[in-house]
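In: Quick one: sequence plus predicted model below, questions after.
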There are 4 protein chains.
Amino acid sequence: METKIDNPSVRKNELIEATFEIIARLGFEGLRIRDVAKEVGINPATMYYYFPTKEALIDNVIDYVFKRMEIFIEEAPGTPKEQLHAHLTRLSRKMRDDPGLFAVYSEMQLRCRRNSAAEKFLQYETTWSKKLETLLYTGIRQGYWPNYLDPEQVAGTIILIIQGAGLIAGQSTRQIENSFNQIERWMSGRY
Amino acid sequence: METKIDNPSVRKNELIEATFEIIARLGFEGLRIRDVAKEVGINPATMYYYFPTKEALIDNVIDYVFKRMEIFIEEAPGTPKEQLHAHLTRLSRKMRDDPGLFAVYSEMQLRCRRNSAAEKFLQYETTWSKKLETLLYTGIRQGYWPNYLDPEQVAGTIILIIQGAGLIAGQSTRQIENSFNQIERWMSGRY
Amino acid sequence: METKIDNPSVRKNELIEATFEIIARLGFEGLRIRDVAKEVGINPATMYYYFPTKEALIDNVIDYVFKRMEIFIEEAPGTPKEQLHAHLTRLSRKMRDDPGLFAVYSEMQLRCRRNSAAEKFLQYETTWSKKLETLLYTGIRQGYWPNYLDPEQVAGTIILIIQGAGLIAGQSTRQIENSFNQIERWMSGRY
Amino acid sequence: METKIDNPSVRKNELIEATFEIIARLGFEGLRIRDVAKEVGINPATMYYYFPTKEALIDNVIDYVFKRMEIFIEEAPGTPKEQLHAHLTRLSRKMRDDPGLFAVYSEMQLRCRRNSAAEKFLQYETTWSKKLETLLYTGIRQGYWPNYLDPEQVAGTIILIIQGAGLIAGQSTRQIENSFNQIERWMSGRY
DNA sequence: GATGAATGAGCGTTCATTCAT
DNA sequence: TATGAATGAACGCTCATTCAT
């Protein structure tokens, strides 16, 4: 009676996306596997063929979130400064166009505190942070930013702002853009 | 078996605090009124003598959070610059010593998106933001900060950082302190 | 703080009336002693000073119902036939003006089946039935109704109709009046 | 532990019947879905697989009651007079043998006043009434009953008696039979 | 792969009732 | 008399999960 799916990973992805969508809308507080199944059009029991538990499903959403954020674009062209600018621009645009993504991101951030299973999330964040640090380090060495900047520290600040922005993504787009610009200007030693 | 309480508001506060504690530990996701009651040592039914619904209880936690954050200190002594510094220092110390407070704060921030009943939270935030803006405005006019700074915009950036910091309060204390310092330096036009 | 009531029976009656009113509106299914207390303006706990249990309160409503129905009017003037007519007329008028009374009456009738405590209700009914029987007996002996009528049987039929009417009191006033008239005509041997 | 049922409608019927039985015994006042489930031998949660709410379950009991009353017999053989007689005989026998049925019927009748959702009940009653009316109309036209009888009015009276009888079904079987006979006699113009 | 039917545990909430004051 | 504060038991209902088919 049910449309058979050739590639099981297709159905798996559907489930992950549906889960993501519900978390974006209702938070972990409002996540019910019933609703996930209904959204995909399958029986809740069927979900257990793809994921052993609700928690396992959520775990997969973590990967999905970081993939959807497209945060790690290696081979971006341009100078480090241009790359950072592109990164922040891309982020602020995403926050405007896909605010749910950042809602889920923030939900997960909070969940890290209490759910050890979500440490995968922290690994992603560390990777991201390191990438940013390297970019800053390179930029400073190449003279794009003043050399009194501490790459690690500045990277941390940038990430703090991004995360703060993520909390209100979709609500104060203008403020987020302004703050990103401001940081860039401050980094350059300009007001 | 039960312990009678002289002042009913005492019990009310106990309930609010217990609720706060559980949200800090488990998030809204893990908040159960049975656990709140158990923490306080009363029958779950008794809770309904003090609060008509779970949501009403949560509503009271909002007030509690902002009171506990001690964010609005009117007549603080010192120059605007010193006041801002005191504000940020106090916050970073609080984040270190009372990280749960910021976990709850962030949970609530996220909840605003979906629960219209929590708009009281947004009102608190607006008040906070306006206070900060006024402080910056005064400081700039009095020459404590360069006058090319836009108070509204900078206040927004500071709050963004604070909220981002709140998400990881208790986890990266050093980074948070550094970032607060950095912002202060940047505002002063120093590196 | 509370207005003291001089005569405790006044308060008792208030409670009984409030209970009656709620049963009329919501049935036994919807009777809550909380609501009774609120209607009277007292604390639910206070009710227990007047009645030891909810059931005891209900028990008192039985008396109230029969009193309010004013079914047993002895010294009515006129012939037995006129008395019966007056009785039925009074009832149909009451059904129109005070339908809740008959809702409660019917609720109680049903409750007799399952609650032995309500046998007081059955006693009232027996009394009523006997009265009616005597009236018919007298009327037949005096030639007001044909002597082939069996008083006991006809009294039973009349009460059946009245109780059936009580079930729909306030909903089909016209039908009830017609049926009462019809029975009277039939009894008289007229069509 | 659980007994799997082949036909899901079987279980559905079991639930409806168990609900019916409990209402018959305890009234709506005493209806608990936990008891219904226990009677059927399933987990209370399972009930919600078959009926979305308690109210929906009750709704199905309405259909069940009218089906069980077998009130609408279309092509019964015999003259209208014989049909009416058969109808009343069947009813009085049912009241004797299955008094709970009429207890539930009366409970529902009362519930109509307050629960708009139960208007399905009223529709059944209207249908019944109309059927009876038609039967009387035909019988009068064909000379089985005197033509001074008003079909609508007499049908109403009969239903009133039946409903009154239903209230005491199982308690006064003899009286009920007598009253039904009496009405039939009166209708025929005999004493 | 997929589902219908089932469940144990638990949820927010209500209720009649109690009792010290 | 009256009440504020409390409670055990239960209620309608939901949830993640299971399992035979």
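Out: Happy to help now that I have it.
In: Excluding covalently adjacent residues, which one is nearest to the residue of chain A found nearest chain B?
Out: Proximity of chain A to chain B (CB to the nearest CB) peaks at A:Gly164, 3.2 Å away. From N, CA and C alone the C-beta is placed, and that goes for glycine too. Distance criterion CB to CB, 6 or more residues apart in numbering or on different chains; nearest residue to A:Gly164, sequence neighbours excluded, is B:Gly164 at 3.2 Å.
In: Wait, the one you found touches A:Ile162, no?
Out: Yes: using CB atoms under 8 Å, B:Gly164 is in contact with A:Ile162, at 7.0 Å.
In: returning to that earlier point: list the residues that contact the residue nearest to A:Gly164.
Out: Shown in contact with B:Gly164 (CB atoms under 8 Å, 6 or more residues apart in numbering or on different chains): A:Ile159, A:Leu160, A:Ile161, A:Ile162, A:Gln163, A:Gly164, A:Ala165, A:Gly166, A:Leu167.
In: Now, those residues that are in helices?
Out: A:Ile159, A:Leu160, A:Ile161, A:Ile162, A:Gln163, A:Gly164, A:Ala165, A:Gly166, A:Leu167 (DSSP state H).
In: and these as TSV, adding pLDDT?
Out: Shown next, in TSV, are the ones in helices among the contacts of B:Gly164 (pLDDT from 0 to 100):
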residue	pLDDT
A:Ile159	96
A:Leu160	96
A:Ile161	97
A:Ile162	97
A:Gln163	96
A:Gly164	97
A:Ala165	97
A:Gly166	96
A:Leu167	95
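In: Which of these sits closest to D:Cys112?
Out: A:Leu167 (53.3 Å; CB to CB).
In: what's the longest helix seen in chain A packed up against?
Out: Counting by DSSP H, the longest helix found in chain A is helix A:119-141. Judged by 3 or more CB pairs under 8 Å, 6 or more residues apart in numbering or on different chains; DSSP states H and E, helix A:119-141 is in contact with helix A:54-69, helix A:80-97, helix A:99-114, helix A:151-167.
In: want to try JSON lines for the ones you listed, with distance to B:Gln109 as columns?
Out: Below are the helices and strands packed on helix A:119-141 laid out as JSON lines (distance: least, CB to CB, whole Å):
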{"stretch": "helix A:54-69", "distance to B:Gln109": "18"}
{"stretch": "helix A:80-97", "distance to B:Gln109": "15"}
{"stretch": "helix A:99-114", "distance to B:Gln109": "8"}
{"stretch": "helix A:151-167", "distance to B:Gln109": "5"}
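In: what would those helices look like in CSV with distance to DNA strand F?
Out: Formatted as CSV, those follow (distance: least, CB to the nearest atom of the strand, whole Å):
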stretch, distance to DNA strand F
helix A:54-69, 3
helix A:80-97, 28
helix A:99-114, 15
helix A:151-167, 24
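In: now for those, which one comes closest to B:Asp97?
Out: Nearest of the helices and strands packed on helix A:119-141 (CB to CB): helix A:99-114, 15.8 Å.
In: Residues in contact with the closest one: which ones?
Out: A:20-21, A:23-25, A:27-28, A:61-62, A:65, A:68-69, A:94-95, A:118-119, A:121-122, A:163, A:165-167, A:169-171, B:25-27, B:29-30, B:103, B:106-107, B:109-110, B:113, B:167-168, B:170-171.
In: Give the PyMOL command for selecting the buried subset of those residues.
Out: A single PyMOL command selects the buried members of the contacts of helix A:99-114 (16 or more other CB atoms under 10 Å in any protein chain shown):
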select buried, (chain A and resi 20+21+23+24+27+28+61+62+65+68+69+94+95+118+121+163+165+166+167+169+170) or (chain B and resi 26+27+29+103+106+107+109+110+113+167+168+170)
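In: Low-confidence stretches in chain A?
Out: Along chain A, the model assigns pLDDT under 70 to residues A:1-8, A:73-75, A:191.
In: Please repeat the previous calculation with a cut-off of 80.
Out: A:1-8, A:71-76, A:116-118, A:190-191 (pLDDT under 80).
In: domain ranges for chain A?
Out: A:8-63, A:71-187 (automatic domain parsing).
In: The first one near chain D at all?
Out: Put plainly, it is domain A:8-63. No: judged by CB under 8 Å from any CB of the partner chain, domain A:8-63 and chain D are separated, with a smallest distance of 11.9 Å.
In: A:Pro151 reaches A:Lys131, doesn't it?
Out: No: if you go by CB under 8 Å, A:Pro151 and A:Lys131 don't touch, sitting 11.4 Å apart.
In: follow-up on the earlier one: name the residues of the longest helix of chain A that are buried.
Out: Result for helix A:119-141 [16+ other CB under 10 Å]: buried residues A:121, A:124-125, A:128-129, A:131-133, A:135-137, A:139-140.
In: Nearest to chain D among the residues you listed?
Out: Looking across these and measuring by CB to the nearest CB, the closest to chain D is A:Phe121, at 33.9 Å.
In: so how far is C:Met69 from the closest one?
Out: As judged by CB to CB, to the nearest Å, A:Phe121 and C:Met69 stand 73 Å apart.
In: In chain A, which residue sits nearest DNA strand E?
Out: When scored by CB to the nearest atom of the strand, chain A has A:Ala45 as its residue closest to DNA strand E, at 2.9 Å.
In: neighbours around the closest residue to A:Gln153 other than its chain neighbours, how many?
Out: Among residues not flanking A:Gln153 along the chain, B:Asn178 sits closest, at 4.9 Å (CB to CB, 6+ apart). Per other CB atoms under 10 Å in any protein chain shown, the neighbour tally for B:Asn178 reads 19.
In: do the same with A:Ile183
Out: Neighbour tally, A:Ile183, other CB under 10 Å: 23.
In: tell me the secondary structure for A:Phe72?
Out: When classified by DSSP: H, G, I helix; E, B strand; the rest coil, A:Phe72 comes out as coil.
In: OK, contacts around it?
Out: A:Phe66, A:Thr127, A:Trp128, A:Lys131.
In: Please repeat the previous calculation with a cut-off of 7 Å.
Out: A:Trp128, A:Lys131 (CB atoms under 7 Å, 6 or more residues apart in numbering or on different chains).
In: On the three-state scheme, A:Gln182 is what?
Out: Note that with three-state DSSP, the state of A:Gln182 is helix.
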